[in-house]
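**Student:** Give the three-dimensional model of this entry:
(one chain, ligands or ions: 2)
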Amino acid sequence: MCALCDGGGPVGPAVGRRALLSGLGAAGLALGAVACGSSGQAAAQSTGAVGSAKLELVLLGTKAGPPPSADRAGISTALVVDGQVYLIDAGRASVTQYAKAGLSLGALRGIFLTHLHIDHIADYFNYFVLGGYPDEGMIGAKGPVAVYGPGPAGGLLPKFGGGNAPVVAPQDPTPGTRALTENWNRAVAYSSNVFIRDTGASDPMALMNIHEIQIPAIGADFTNRAPTMQPFEVMRDDKVRVTAVLVPHGPVFPAFAFRFDTAYGSVTFSGDTTYTDNIPTLAHNTDVLVHEAINLEGSSLSAVEHNHMVTSHVEVQKVGAIAQRAGAKRLVLSHIADLASPHIDSSKWHDWASTGYSNNVIIGDDLQYIPVH
Ligand SMILES: [Zn+2]
Ligand SMILES: [Zn+2]
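**Tutor:** Numbering: from 1, shown residues only. Ligands and ions are numbered 1, 2, ... in the order given. As a prediction, the model looks like this:
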């Protein structure tokens, strides 16, 4: 049972509406307020098989939106290729879920941030300040971890619904991945300096190589956030080639979807997105499409609120058609929220997500292990 839903059933529409109209956290807060996830299924998911396949996924956290929930951790997924781990987003409790999944911090090669909403980055810096203690499993044991994430947005849009909004940190209100990381490092400098002297812990910044993703010159900026485009290469190493497209996600810029091609097949992550031609282009014939989804059916949102939600997210009833159009061989839903119910009804969601899609659908749960090859 999630705290927000405890005792009173679903949070009433007034809460969602107030959050929505106040513009707090855009869609996220409104989403999370009523998205309490499924029951304790997650604990029952076996992760003992991690490492038994060449290409595998572990859904570390599957929840959409910032508000904490006891049932689902924040969005974060581990892609494991030949035992090397690539982390896509690092939402709340990602570090804990990573440990629960039996993954070694020493095997973490790269962290990819789809966008800088807090539900995707809450645990990002914790990997480096909690994981940098000398033992064979420490983060960066085999060299700095590559971090790929958005550069600065460059501007803010007006408040949804009109009116004034305070500006947080007006001297730099839209820091990208590099400034965000340096700010975080400064904020916990005292702890780091003490532990470096006292226990031999590492300088967190020495454990990572930050790359702000360079967007091709297609005229994209915070006012033209996701024009139709072809995928571009973000990085490649001996295990993966990573390509990306911009995706439309409300006022957020940039927001990326990532595709990982490996010797054993491909996995594509939608990130947070509404409808766009860029996803089927990126996910063309992919082996697994990991896609976000929300349910609005049966919710009490007004037409205005409904329309606002679908400027940021894809409805579960329509995600199957996207996977079909992409030619994806499997569809996995993660970053999920139901605005009509405090819980995700997996069988109902499975039926919805299968609409218009002829292949296999998985409604993701925390710590779910998915071998790909
Ligand atoms: Zn999100
Ligand atoms: Zn988001």
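**Student:** which residues of this structure fall in helices?
**Tutor:** With DSSP state H as the definition, the chain shows helices at residue ranges 13-22, 27-34, 41-44, 94-100, 118-121, 126-130, 177-187, 189-199, 278-282, 303-309, 316-326, 346-354.
**Student:** Next, the buried residues of the last one.
**Tutor:** What that stands for is helix 346-354. Neighbour-count burial for helix 346-354, with 16 or more other Cβ atoms under 10 Å as criterion, is recorded at 346, 349, 352-354. Just so you know, the C-beta spots here come from the backbone N, C-alpha and C atoms, and that holds for glycine as well.
**Student:** Next, format the helices of the chain as a markdown table and append distance to Lys54 and mean pLDDT.
**Tutor:** Converted to a markdown table, the helices of the chain look like this (distance: least, Cβ to Cβ, whole Å; pLDDT from 0 to 100):
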| stretch | distance to Lys54 | mean pLDDT |
| --- | --- | --- |
| helix 13-22 | 43 | 32 |
| helix 27-34 | 35 | 34 |
| helix 41-44 | 25 | 36 |
| helix 94-100 | 20 | 97 |
| helix 118-121 | 27 | 98 |
| helix 126-130 | 24 | 96 |
| helix 177-187 | 30 | 98 |
| helix 189-199 | 36 | 96 |
| helix 278-282 | 22 | 98 |
| helix 303-309 | 38 | 94 |
| helix 316-326 | 23 | 98 |
| helix 346-354 | 27 | 98 |
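**Student:** Check those for me and report the most buried one.
**Tutor:** helix 27-34 (a mean of 26; mean count of other Cβ atoms under 10 Å).
**Student:** OK, contacts around the closest residue to ligand 1 within the stretch 201-350 of the chain?
**Tutor:** Nearest residue of the stretch 201-350 of the chain to ligand 1, counting by Cβ to the ion: Asp272, 4.4 Å away. With contacts defined as Cβ atoms under 8 Å, 6 or more residues apart in numbering, Asp272 is in contact with 64, 114-115, 117, 120, 247, 249, 252, 255, 292, 312-313, 335.
**Student:** do the same with Asp123
**Tutor:** Applying Cβ under 8 Å, 6+ apart to Asp123 gives the contacts 74, 76, 90-95.
**Student:** Tell me the one of those residues nearest Pro175?
**Tutor:** Pro175 lies nearest to Ala90 out of these, by Cβ to Cβ, at 16.7 Å.
**Student:** picking that back up, overlap between the contacts of Asp272 and the residues near ligand 2?
**Tutor:** Taking Cβ under 5 Å from the ion as the test, ligand 2 is in contact with His117 out of the contacts of Asp272.
**Student:** Of the contacts of Asp123, which belong to strands?
**Tutor:** Assigned to strands by DSSP state E, the following of the contacts of Asp123 qualify: Ser76.
**Student:** Now distance to Pro231 too, for the contacts of Asp123, in a markdown table please.
**Tutor:** Below are those laid out as a markdown table (distance: Cβ to Cβ, whole Å):
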| residue | distance to Pro231 |
| --- | --- |
| Gly74 | 26 |
| Ser76 | 23 |
| Ala90 | 23 |
| Gly91 | 24 |
| Arg92 | 29 |
| Ala93 | 31 |
| Ser94 | 26 |
| Val95 | 30 |
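**Student:** Just the buried ones out of the contacts of Asp123, please.
**Tutor:** Buried members of the contacts of Asp123, scored by 16+ other Cβ under 10 Å, are 74, 76, 90-95.
**Student:** Tell me if I'm right that Leu289 and Ser270 touch.
**Tutor:** Yes: counting by Cβ atoms under 8 Å, Ser270 is a contact partner of Leu289 at 7.1 Å.
**Student:** list residues touching both of these two?
**Tutor:** Common neighbours of Leu289 and Ser270 (Cβ under 8 Å, 6+ apart) are Ala283.
**Student:** sorry, back to before: and the helices of the chain as JSON lines, adding distance to Val234?
**Tutor:** As requested, these are exported to JSON lines (distance: least, Cβ to Cβ, whole Å):
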{"stretch": "helix 13-22", "distance to Val234": "33"}
{"stretch": "helix 27-34", "distance to Val234": "24"}
{"stretch": "helix 41-44", "distance to Val234": "30"}
{"stretch": "helix 94-100", "distance to Val234": "20"}
{"stretch": "helix 118-121", "distance to Val234": "16"}
{"stretch": "helix 126-130", "distance to Val234": "19"}
{"stretch": "helix 177-187", "distance to Val234": "13"}
{"stretch": "helix 189-199", "distance to Val234": "29"}
{"stretch": "helix 278-282", "distance to Val234": "11"}
{"stretch": "helix 303-309", "distance to Val234": "29"}
{"stretch": "helix 316-326", "distance to Val234": "19"}
{"stretch": "helix 346-354", "distance to Val234": "28"}
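**Student:** quick one: which of the contacts of Asp123 is nearest Leu339?
**Tutor:** Closest approach to Leu339 among the contacts of Asp123 (Cβ to Cβ): Gly74, at 18.1 Å.
**Student:** Ignoring the adjacent residues along the chain, who's closest to the closest one?
**Tutor:** In this structure, Gly74 finds its nearest non-sequential neighbour in Gly91, 2.3 Å apart by Cβ to Cβ, 6 or more residues apart in numbering.
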